[in-house]
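*Asks:* below: sequence and its predicted model.
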Amino acid sequence: MSGRCRILLVEDNDLLRASLERALTFNGYAVTTAARGSDARAALDCGAMQMLITDIMLSTPKGGLQLAAWVAQHDPDLPVLLISGGHIATLSDMHARGPELPHSLAVLAKPFTVAQLLQQIELLLQQAQMARPTRLAAD
């Protein structure tokens, strides 16, 4: 699935963003990067992304969650992988306390290996693909 998958990577740490972009590109993903939520929203509006990977703590403590909430309103079927080096609440806590979030959502704690990142990406893409026909049938 990786050869055809277009990922938007949003990370405000320049070194980490470049490192993750290289790792994802090396593993066959087409990667677009952004350093801020506003740039990410513009990229999502312009291109047909198949996944969003964003740091939870962008320029504000909830910047990544705000971006995920925006995705939930504009493209709720887009899988979102949240990455963070800080305290990570459970997904059920995020859904209970926060804004509406996308259907396919996962969290990966820093530090992580490239293998862990790739595994989480593939799992999330598979979950999103399996959920999509179910939602279409319900509509």
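*Replies:* Perfect, I can see it now.

*Asks:* any idea how far stretch 6-17 is from the middle of the chain?
*Replies:* Centroid displacement of stretch 6-17 relative to its chain, using CA atoms, centre = their mean, to the nearest Å, is 10 Å.

*Asks:* next, the buried residues of that stretch.
*Replies:* 7-12, 17 (16 or more other CB atoms under 10 Å). Just so you know, the C-beta spots here come from the backbone N, C-alpha and C atoms, and that holds for glycine as well.

*Asks:* could you do stretch 50-60 as well?
*Replies:* 50-58.

*Asks:* now, the most widely separated pair of the residues you listed?
*Replies:* In the buried residues of stretch 50-60, the most distant members under the criterion CB to CB are 50 and 57, with 24.1 Å between them.

*Asks:* thinking again about what came up before, go through the buried residues of stretch 6-17 and name the one nearest residue 68.
*Replies:* The closest of the buried residues of stretch 6-17, once distances to residue 68 are taken by CB to CB, is residue 10, at 10.1 Å.

*Asks:* can you spell out which residues form a bridge with that closest one?
*Replies:* Residues found in beta-bridge contact with residue 10 (criterion: DSSP bridges) are residue 34, residue 54.
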